[in-house]
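**Student:** from the sequence below, what's the structure:
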Amino acid sequence: MSTSFRFLVLLLLFPVLSTKAFCQTSEQGIWLPTHGDLNVLVVYAEALNDPDYEAHPSTEWLPGQLPKQPDKYFDSVANRFSSGYISGYFETASYGAMAIHGISYPRLIQIDFGKAGYSNTLAITKALNEAAKSSGSLRRNLELFDRWTPKPNFEPKINQPDSLIDAIVVIWRVNSHISSVNNTGYCAPNNQNVSVLSFKGINCFSEFQSWDNNANVVLRHELSHAIYGGNNFHTGGAGAGTRTFIPSIGGYSMLSSWDSHSYGFNGWDRGRLGWKNPRKKFTTSAFKRTVSGLAEQEFKQRRPQSFSNGVYLMRDFVHSGDAVCLRMPGPDSPRLSQYLWLEYHTDTSRYDYPDTTRHGVYAYMQVGKDDKGNTYPNGSTSPGNYTFPLPASGRWDFVYYHDSTLNKNVLKKKYDTPNPIVGDHFLMRPLLDDNRDGVLEKLFIAEALIDGSKPITDHYMIFGNDDDAFKPGTQTRIGVATNPSTNTLVTYSYPHTRNASFNADTSFVTGLDIRIKDTLATIENAAERCALVAVRWNQFNIDNNVRWCGNIGLKPVGAVKPKLTVDSGCVLLLDRSLTPMQDKINKTDTLNGQLYFSPLTAFTLYKGTQLVLKKGATLKLEGNSTLYVRKGASLIFEDGSKLEAKNGSIVYVE
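**Tutor:** Residues are numbered from 1 along each chain as shown. Predicted coordinates for the structure are as follows:
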């Protein structure tokens, strides 16, 4: 089987912006506007005498020439909706609310390597000014590049000129000052008072190296920075900065990086930017079944979860914007609320999943980033990688190693240790203690999955697989006893764990139960295939064997006092996680002579809750695990149920 890789490394810079005074809403954009027409000047350049000048031959872009397709990224100003990748991406994501056009400078800019530099705006503008003296082909269009006066921090942008060019994108064939890696670059969204062409300065400047002129991902990513914020808005691949979890988590978003499983946008993106389907009343909504028919149900962040019981229909997310967003009870960190998102993806465009085998309902958790009036300028108090996919294939303890026969880095599923609450999954870049010094330091990129006896080696696992989506024939339920579960997530700020006062170290049993199936329905007078999603709260029934690891809590939710019931014949196992939950080994905490990157498992029943073992059910504790029964909580064994506590495990009753 052939192997394909996507090597796109993003080197990202973004100035910190103040939050106060005129802050309004993220729907206005942090620097560039999120609604209206924006024209971008695209400049192609190369650094002469660069050590890498001849190192990366490509027929798409020959040395000393413009690339074969200089207009591939943006539609022209005269042709609004044609084939430009970036123009099409933002037009589709925003339902036409944001139209980004572009014009390529007609000459290749060449700058000596000694003057090219990194973030050397002056060198580029000087070269443009020199070239313009002998070329008048852009002069008739120059006024098109000054249409906006930026107002930072979510203020409404003013649609009038300010004598500054709105946005310049420089694409280098080669400039090793930026990087020796392809498709690398940055965005600088701030006023730069350097005279260029007929303008007094520049409002937004970006530059990238792309020796084969294949900068779709990095260009989309960096332009998104100028409407979202800094590196702590990275998600769907952590990129630079602090992240919310120990590993880098993949996914999909406008600010996803190369290590994502789709180039698409998600419901959080559209909600954050106020991009609403003009045929609908609400930005984030699905159609709820009622006694009188279907009614559009809005989902608001920070809204109590109880209202969301019911049956919902969702059409293809890319075209409809239909999505279900459920606020989770808890967690124990008051700063970072958690939300479960569900989206139905059937689209096969270049902006979403690549083929029909990937289609289905995609689930992911959002952690924090729910205040549309907050710019979140500080990554140490609002980290990146805040969306967490929940693939239908579940979360597991894996074995990671280099297979000398395959000559690939291998991810091997341990079928005997499912870990639905704190385990890894395929859409991660897990860390390893590669040099065995007790500290996690190496992000592991799995090129092959050993699933049973069959190696799967066509791409990195984090790029996604057919089993990521919930769909008929695979898993169609998410609940208290499934893998993955509907428990809240444990978070762990990494690598800057000392600034982690917002971490959630306990996963709470939520009682949320979701059933998914395909159906045909007529919405807005059109019959089409939809996902039917049944949402029920207060479902605390364990109806199959489960293995739980980490810190787990069962708390009352409002007036609801949960009764967690283990059905007859089922086992609730509390066990030590083999998946890292912290970045350093606690050398005083051993189990069977082995050290772990995880704490001992502890399950706490809080006041007002019950754990009931039905006849024939088993509560099993292994690996020094503990069940804490707080005062006012109950542990009930019906006749014929049993308790097994091994390896120093205990049940502690107050």
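
**Student:** per the record, what domains does the chain have?
**Tutor:** Following automatic domain parsing, one finds the domains of the chain at 26-229, 267-393+469-536, 396-463, 541-653.

**Student:** for those domains, please prepare CSV with the additional fields distance to Gly251, mean pLDDT and mean neighbour count.
**Tutor:** Glycine gets a C-beta too; all of them are placed from N, C-alpha and C. Output for the domains of the chain, formatted as CSV (distance: least, C-beta to C-beta, whole Å; pLDDT from 0 to 100; neighbours: other C-beta atoms under 10 Å):
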stretch, distance to Gly251, mean pLDDT, mean neighbour count
domain 26-229, 14, 89, 19
domain 267-393+469-536, 5, 90, 19
domain 396-463, 7, 87, 18
domain 541-653, 18, 93, 17
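
**Student:** quick one: which of these is nearest Thr244?
**Tutor:** Closest approach to Thr244 among the domains of the chain is made by domain 267-393+469-536 (4.8 Å; C-beta to C-beta).

**Student:** now the end-to-end length of the closest one.
**Tutor:** End-to-end distance for domain 267-393+469-536: 21 Å, by C-alpha to C-alpha, to the nearest Å.

**Student:** starting at the chain centroid, how far to it?
**Tutor:** In terms of C-alpha atoms, centre = their mean, to the nearest Å, the centre of domain 267-393+469-536 is set 12 Å apart from its chain centre.

**Student:** on that earlier part again, and the domains of the chain: which comes nearest Arg243?
**Tutor:** Smallest distance to Arg243 across these (C-beta to C-beta): 3.8 Å, for domain 267-393+469-536.

**Student:** now the most centrally placed residue in the chain. Nearest residue, chain neighbours left out?
**Tutor:** Nearest to the geometric centre of the chain sits Gly236, at 2.9 Å (C-alpha atoms, centre = their mean). Distance criterion C-beta to C-beta, 6 or more residues apart in numbering; nearest residue to Gly236, sequence neighbours excluded, is Ser256 at 2.8 Å.

**Student:** so how far is stretch 173-184 off the chain centroid?
**Tutor:** Worked out by C-alpha atoms, centre = their mean, stretch 173-184 lies 25 Å from the chain centre.

**Student:** oops, could you answer that again for stretch 585-599 instead?
**Tutor:** With C-alpha atoms, centre = their mean, you get 31 Å for stretch 585-599.

**Student:** what's the first-to-last distance across it?
**Tutor:** For stretch 585-599, the end-to-end distance is 9 Å (C-alpha to C-alpha).

**Student:** now do the helices in the stretch 201-350 of the chain.
**Tutor:** Taking DSSP state H, counting those that start in this stretch as the test, the helices found in the stretch 201-350 of the chain are 216-228, 267-273, 317-320.

**Student:** just put those helices in TSV and tack on distance to Gln610.
**Tutor:** Shown next, in TSV, are these (distance: least, C-beta to C-beta, whole Å):
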stretch	distance to Gln610
helix 216-228	44
helix 267-273	35
helix 317-320	39
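
**Student:** and the ones you listed: which comes nearest Ile552?
**Tutor:** So among those, helix 267-273 is nearest, using C-beta to C-beta, at 26.5 Å.

**Student:** and that closest one, what does it pack against?
**Tutor:** strand 338-345 (3 or more C-beta pairs under 8 Å, 6 or more residues apart in numbering; DSSP states H and E).

**Student:** what helices or strands is the strand it packs on leaning on?
**Tutor:** helix 267-273, strand 310-314, helix 317-320, strand 324-327, strand 360-367, strand 526-536.

**Student:** what does the fifth one contact?
**Tutor:** This means strand 360-367. Residues from elsewhere that reach strand 360-367, judged by C-beta atoms under 8 Å, 6 or more residues apart in numbering: 244, 251, 266, 268, 314, 325, 328, 336-345, 386-392, 468-471, 474, 478, 484, 489, 491, 516, 531, 533.

**Student:** kindly export it (C-alpha atoms) in PDB.
**Tutor:** Output of strand 360-367 as PDB, limited to C-alpha atoms (Å, rounded to 0.1, in the frame of the first residue of the first chain):
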ATOM      1  CA  GLY A 360     -21.400  10.400   9.400                       C
ATOM      2  CA  VAL A 361     -21.900  12.200  12.700                       C
ATOM      3  CA  TYR A 362     -18.700  13.700  14.100                       C
ATOM      4  CA  ALA A 363     -18.500  14.400  17.800                       C
ATOM      5  CA  TYR A 364     -16.100  16.700  19.600                       C
ATOM      6  CA  MET A 365     -15.800  18.500  22.900                       C
ATOM      7  CA  GLN A 366     -15.100  22.200  23.300                       C
ATOM      8  CA  VAL A 367     -13.200  23.300  26.400                       C
END
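
**Student:** and the angle for that strand with strand 338-345?
**Tutor:** 160 degrees (axes from the mean of the first three to the mean of the last three C-alpha atoms, to 10 degrees).

**Student:** what ranges do the strands span in the stretch 1-150 of the chain?
**Tutor:** Ranges of strands within the stretch 1-150 of the chain are 36-48, 98-104, 109-112, based on DSSP state E, counting those that start in this stretch.

**Student:** I misspoke; the intended subject was the stretch 301-450 of the chain.
**Tutor:** 310-314, 324-327, 338-345, 360-367, 387-389, 396-403, 408-418, 428-429, 431-432, 442-443, 448-451.

**Student:** with distance to Gly558 added, can I get these in TSV?
**Tutor:** Shown next, in TSV, are the strands of the stretch 301-450 of the chain (distance: least, C-beta to C-beta, whole Å):
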stretch	distance to Gly558
strand 310-314	18
strand 324-327	12
strand 338-345	16
strand 360-367	21
strand 387-389	25
strand 396-403	33
strand 408-418	30
strand 428-429	33
strand 431-432	37
strand 442-443	40
strand 448-451	42
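
**Student:** which residues touch the nearest residue to Phe199 once chain neighbours are set aside?
**Tutor:** Nearest residue to Phe199, sequence neighbours excluded (C-beta to C-beta, 6+ apart): Ile165, at 4.5 Å. Contact analysis of Ile165 by C-beta under 8 Å, 6+ apart lists 41, 145-146, 196-197, 199, 201-203.
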